[in-house]
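**Q** Quick check, what structure comes out for this input:
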Amino acid sequence: MDRKEFLSAIGVTAASFALINCVGCAKGGEASSVSVNGPTGIDFTLDLTTTANAALLTNGGYLATNGIIVARTTVGAYIAVQQSCTHQSYNLVYQANSQRFYCNNHGATFSEAGAVTASPAPRSLTTYTTVLTGTSLRVHS
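**A** Numbering: from 1, shown residues only. Model prediction:
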């Protein structure tokens, strides 16, 4: 066997091995679990007098912006967490009556403080600081 045949044979063998490993790891065609981090370097301000941010004027309201969910709890506190589930990066929704963030894809839930309350999420949500000054709500890391 010459050098060209040897390298060709190794390439086919390596590709076959990689394919077998990829197929063996898949769970029913579902992508494998990954730990998704929230955005970093966050610092923006929402004007609560604008129509686009009107959901935050009501207890239990929320909106998604800049990869972040900003919500107003049922007791009127402002909270902010990453918008994507830490399991597979699907968008979360805020369920004020249940005081949680919920992933419609696999059912993961998180407390208002971002802690995992139901799997398959591998870790808590990234949380952000909120500061209300008059009608301006600052969200930052």
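
**Q** Could you pull up the residues touching the closest residue to residue 68 other than its chain neighbours?
**A** Spatial nearest neighbour of residue 68, excluding adjacent residues (C-beta to C-beta, 6 or more residues apart in numbering): residue 80 at 5.3 Å. C-betas here are computed from N, CA, C, even on glycine. Shown in contact with residue 80 (C-beta atoms under 8 Å, 6 or more residues apart in numbering): 68-71, 127-130, 139.

**Q** If you count neighbours, what's buried in stretch 61-71?
**A** For stretch 61-71, the neighbour count (16 or more other C-beta atoms under 10 Å) marks 61-64, 68-71 as buried.

**Q** Same list, the residues you listed, but as JSON lines with secondary structure, pLDDT and distance to residue 103 please.
**A** Shown next, in JSON lines, are these (DSSP: H, G, I helix; E, B strand; the rest coil; pLDDT from 0 to 100; distance: C-beta to C-beta, whole Å):
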{"residue": "61", "secondary structure": "coil", "pLDDT": "98", "distance to residue 103": "20"}
{"residue": "62", "secondary structure": "strand", "pLDDT": "98", "distance to residue 103": "15"}
{"residue": "63", "secondary structure": "strand", "pLDDT": "98", "distance to residue 103": "18"}
{"residue": "64", "secondary structure": "strand", "pLDDT": "97", "distance to residue 103": "13"}
{"residue": "68", "secondary structure": "strand", "pLDDT": "97", "distance to residue 103": "16"}
{"residue": "69", "secondary structure": "strand", "pLDDT": "98", "distance to residue 103": "12"}
{"residue": "70", "secondary structure": "strand", "pLDDT": "98", "distance to residue 103": "18"}
{"residue": "71", "secondary structure": "strand", "pLDDT": "98", "distance to residue 103": "15"}
